[in-house]
Structures are given as structure tokens and as C-alpha cells.
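[1] return atomic coordinates for the entry below.
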Amino acid sequence: MFNTLRNAWKIPDLRSKMLFTLAMLVVYRLGSFIPVPNMNTAALQQLVESGGLLGFFDVISGGAFKNFAVFAMNITPYINATIIMQLLTIAIPSLEALAKEGEEGRKKIAQYTRYGTVVLALIQAVALSYGLRSYLIDRSATSIILVALSLTAGTAFLMWLGELINDKGIGNGISLIIFAGIVSRIPLGIKKLYDLYTAKTTNFIEIILFLAFAILIIMGVVLIQEGQRRIPVQYAKRVVGRKVYGGQSTHIPLRVNQAGVIPVIFAMSLIAFPNQIAAFFPNSAVYQFLTKYFDWGTFGHGLLYALLIVGFTYFYTAVTFNPVEVANNIKKYGGFIPGIRPGKPTSDFIQKSLNRITLVGAFFLAFIAIVPIFLMNYTGIKVYFGSTSLLIVVGVAMDFVKQVESQMVMRNYQGFLK
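    Model (predicted):
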């Protein structure tokens with residue numbers, strides 16, 4: 001990876017793209033320290049450090065939520081709007097037809113996604129401003145509206161920043177923004193680890209075991225992210241005049257982790273949302289019940305978390321990958337899977353293979369989501385080490401390197417004449 005980046009740095013065009021991307025990420029980090037007006041950030045930090053959904057928002061935003069900066073909501077509304085548009089594209093025939101119209105259709109859907117992002121950001125900002133009104137210095141309606149508009153404007157600016165990176169930089173802008181927020185927390189995690197050691201809260205052996213386990217988890221994430229089953233596809237030869245077409249062999253890559261990090265985000269948000277809402281009413285019976293049986297790190301929380309991840313993995317894979325459409329395309333272009341009849345038998349075979357390989361990916365996601373939680377609870381090392389962060393960091397880093405390599409190949413390719 002470092003050799004790829006070093007070689008890319010020597011190419012002036014790529015160097016300028018990388019510098020532009022880095023400059024935009026610096027702008028993002030600077031905005032994470034510009035506070036929203038009328039907010040008592042000192043009191044809010046204590047609430048965020050208690051964990052739960054707000055703690056997850058703080059990790060994704062790179063500490064901006066704890067500071068309640070203008071980028072406190074980060075790019076989360078855009079991710080939610082993108083997921084909703086993907087689901088609507090399947091459910092609404094007109095949107096499905098629009099998605100198949102090529103570049104113009106994709107631009108139209110991207111425009112709808114931007115509008116949806118602003119609407120979702122405004123709704124989330126109003127809910128946060130009203131829900132955290134006790135932490136406002138001025139609790140008037142005008143102050144709540146001002147905070148909500150500031151948060152919405154921050155999310156809209158980040159969406160524009162991400163698209164600017166896509167156009168003039170290198171890599172996926174939205175993913176790189178989330179990546180920068182998570183990576184920026186690494187120095188704070190190292191400091192916490194050092195403070196625990198100096199305070200004799202943990203010993204050197206526990207820290208070594210914790211770090212070793214973290215490295216193993218990262219290796220597992222890389223292995224699963226790159227893992228795939230390749231179903232062979234053979235295309236028959238066709239003679240047209242004096243030319244022979246087809247006859248080549250290819251494959252259908254079925255990824256082990258077809259859904260990526262989306263199931264973990266869904267599960268974490270769904271399981272933490274009731275707890276966070278109940279936390280606004282600490283004296284209620286619902287809050288006492290959720291705290292006792294489904295608090296962060298309890299057996300009930302771990303079991304429900306794992307089941308939701310497995311369920312969402314199958315659901316999102318079914319939404320994003322259609323075996324019937326793949327089988328029809330293979331049949332349309334004269335292809336077949338060796339030993340499998342075209343048509344419905346092919347789609348059934350692909351679906352069966354997808355179900356089996358998705359089971360491995362789903363259990364892996366559930367494993368790396370639960371184990372770090374219990375590891376923190378039973379070792380006493382309270383450094384955030386979550387699966388969502390790992391999957392995002394590793395996935396974005398690998399995707400960035402692949403895009404840099406493709407840009408280098410495109411610029412260094414000599415062609416068959418040379």
C-alpha cells in the first residue's frame with residue numbers, strides 16, 4: 001500500500017488530486033471544532049461519554065458531536081437518504097426505470113438523494129435540538145431553530161464537500177470523510193490506553209493481549225472484505241460471417257461480505273435508539289428495564305445485536321443482489337454455468353450459493369461486533385474498538401488504494417504498439 005502511494009506521489013496529476021483531497025479533509029476537521037451557538041458543551045460531553053447512540057455518533061463524526069460542532073451530525077443523513085433511495089428504487093417501478101436510463105438517470109437519482117439528505121438532516125437536527133434542549137444556554141424556540149438550522153447547514157456542506165472530492169480529488173468523498181473522522185480518534189484512544197496504564201487500572205499484559213486481538217480482528221476484516229466465491233460462466237461460440245464471437249470463460253464474483261458495513265449500522269442504530277429515547281426519561285419503568293437487560297455489554301444486548309446483524313445482512317444482500325436478473329443476463333448473452341441449465345435452475349443455483357456464503361459473512365459481522373464489546377467489559381480497557389469503525393477504516397483504505405492503482409495503470413499503460 002505504501003509503495004503504491006509513494007509511486008502515485010511521483011505523478012504530478014495524481015499528486016495534485018491527493019493534495020486536493022487532503023486539503024478538503026483538513027477543512028472537514030477544522031469544521032469539527034466550530035461549535036453551534038447556545039450549547040453547553042461541557043455538560044453534553046458527559047452524556048456522550050456514557051455511550052449509546054450518541055457515543056456512536058461521536059465516533060463517526062470524529063468528536064464533532066461531543067463538541068456539538070456544526071458538523072455534529074456528520075454525513076449520516078446522506079447515508080440514510082442513499083439507503084432509502086436504494087430501497088425505493090426496487091419498490092417503485094418508475095424509479096427502477098430511471099436507474100436503468102444510464103448517466104442521466106443516475107444524475108436524477110443523485111439529485112433526489114440530495115433533496116432527501118436535506119430533509120432528513122432537518123428532521124434529525126430538530127429532534128436533536130429539542131431532545132437536548134436541557135443542554136442549551138438559551139432554551140427559547142428561536143435558539144432551538146438556530147441550532148437545528150446550523151446542524152442542517154453543516155450536513156449539507158459536508159455533502160457538497162464529499163461530491164467535490166469525487167469530482168476533483170481521488171477516492172469516494174463521503175467514505176473518506178467518515179474515514180477521517182474515525183482515524184482522528186486514534187490519538188485519543190492511545191492517550192486513554194496510556195492513562196489506564198499509568199493509573200494502574202490495567203496492566204501491560206492486558207494491553208498487549210488487547211492490541212494483539214485488535215490486529216487479528218483487522219486481519220479478519222481484510223480477509224472477509226476480499227473473500228469471494230467465483231461461479232464460472234461459459235459463453236458459447238457464435239459464427240457470424242467469417243468471425244467467431246464468444247467462447248470465452250468468465251465468472252460471477254459472490255462476495256462473502258456483500259452488504260458491507262450497512263447491517264452493523266442498521267443494527268446499532270435500531271438497538272440503541274430505544275435506549276437513547278428512554279434516557280430522556282430516567283425515572284420511567286421502561287428506562288429501568290432497558291438498562292437492566294439491554295444495556296451496552298449485557299448478554300441481552302449482545303444476543304439481540306447479533307440477531308439483528310444476521311437478519312439485516314440477509315435483507316440488504318437480497319435488496320442489492322438479484323439472482324434472477326443475473327441469470328437472465330447470462331441467458332440473454334448466450335452464457336451458462338457448467339452443469340446448470342439456463343433460466344430458473346441458474347437463478348436457483350446462484351441464490352443457493354449466495355445464501356450459503358452470506359451466512360459466513362453474517363456470522364463474521366456478528367462476531368466482530370460482539371467480541372470487542374465483551375473484551376472491553378472484561379479487560380477493563382474502555383477504549384472504543386468497534387466493528388463499524390474497523391470495517392469502515394479497512395474498507396475505505398482498501399478502496400482508496402485500488403482507485404490510486406487504477407489511476408496509475410491508466411496513466412502508465414503503453415498500449416500494444418509500444
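[2] go through stretch 166-182 and flag the buried ones.
    By 16 or more other Cβ atoms under 10 Å, the buried positions in stretch 166-182 come out as 169-182. For the C-beta atoms, the positions are set from N, CA and C on the backbone; glycine is no exception.
[3] I'd like the next helix or strand past the top helix by length along the chain.
    What stands out as the longest helix in the chain, according to DSSP state H, is helix 344-379. Sequence-wise, the next helix or strand downstream of helix 344-379 (DSSP states H and E) is helix 387-412.
[4] list the buried residues for that following helix?
    Those would be 387-397, 399-401, 404, 407-408, for helix 387-412 by 16+ other Cβ under 10 Å.
[5] any regions of the stretch 1-150 of the chain where pLDDT drops low?
    For the stretch 1-150 of the chain, applying pLDDT under 70 flags the ranges 1-2, 49-57, 59-60.
[6] repeat that for 80
    Across the stretch 1-150 of the chain, the ranges flagged by pLDDT under 80 are 1-10, 40-67, 83, 86-87, 90-91, 99-103, 127, 130-132, 134, 138-139.
[7] related to what we said a few turns ago, just the mean pLDDT for the longest helix of the chain, thanks.
    Helix 344-379 shows a mean pLDDT of 83.
[8] pull the contacting residues for T155.
    By Cβ atoms under 8 Å, 6 or more residues apart in numbering, T155 lies in contact with F71, M73, N74, I75, T76, P77, Y78, T117, V118, A121, A125.
[9] do D399 as well
    Counting by Cβ under 8 Å, 6+ apart, D399 makes contact with G171, N172, S175.
[10] so which of the contacts of T155 are in helices?
    T76, P77, Y78, T117, V118, A121, A125.
[11] and which of the residues you listed is nearest to Q228?
    When the ones in helices among the contacts of T155 are compared for distance to Q228 (Cβ to Cβ), Y78 wins out at 27.8 Å.
[12] my read is that that closest one contacts A110, right?
    No: counting by Cβ atoms under 8 Å, Y78 does not reach A110; the two are 10.9 Å apart.
[13] of those two, who's got more company?
    The neighbour comparison of Y78 against A110 (other Cβ atoms under 10 Å) goes to Y78, with 25 against 12.
[14] how about T250: what's its closest non-neighbour residue?
    In space, and not counting its chain neighbours, T250 is closest to V233: 5.2 Å by Cβ to Cβ, 6 or more residues apart in numbering.
[15] now do the strands in the stretch 201-350 of the chain.
    Assignment of strands within the stretch 201-350 of the chain using DSSP state E, counting those that start in this stretch yields the ranges 228-235, 237-240, 243-246, 249-255, 335-336.
[16] partner strands of the last one, with direction?
    Think strand 335-336. When pairing is defined by DSSP bridges, strand 335-336 lines up against strand 228-235 (antiparallel).
[17] mind listing what F20 touches?
    I165, K168, G169.
[18] if we go to 7 Å?
    Applying Cβ atoms under 7 Å, 6 or more residues apart in numbering to F20 gives the contacts K168, G169.
[19] am I right that it is in a helix?
    Yes: assessed by DSSP: H, G, I helix; E, B strand; the rest coil, F20 belongs to a helix.
[20] now do the domain split for this protein, please.
    1-185, 186-383 (automatic domain parsing).
[21] most tightly packed of these?
    domain 1-185 (a mean of 17; mean count of other Cβ atoms under 10 Å).
[22] is M85 located within a helix, as I assumed?
    Yes: assessed with three-state DSSP, M85 lies in a helix.
[23] so it touches T113, yeah?
    Yes: applying Cβ atoms under 7 Å, one finds M85 in contact with T113, separated by 5.1 Å.
[24] redo the buried residues of stretch 166-182 as a markdown table? Include distance to A8.
    Supplementary listing: the buried residues of stretch 166-182 in a markdown table, determined by distance: Cβ to Cβ, whole Å:
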| residue | distance to A8 |
| --- | --- |
| G169 | 13 |
| I170 | 9 |
| G171 | 12 |
| N172 | 17 |
| G173 | 18 |
| I174 | 21 |
| S175 | 18 |
| L176 | 15 |
| I177 | 21 |
| I178 | 22 |
| F179 | 17 |
| A180 | 19 |
| G181 | 24 |
| I182 | 23 |
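[25] just how off-centre is stretch 81-100 within its chain?
    In this view, stretch 81-100 has its centroid 20 Å away from the chain centroid, taken as Cα atoms, centre = their mean, to the nearest Å.
[26] likewise stretch 390-401?
    Averaging C-alpha positions (Cα atoms, centre = their mean) puts stretch 390-401 10 Å from its chain's average.
[27] tell me the mean pLDDT over it?
    When pLDDT is averaged over stretch 390-401, the result is 78.
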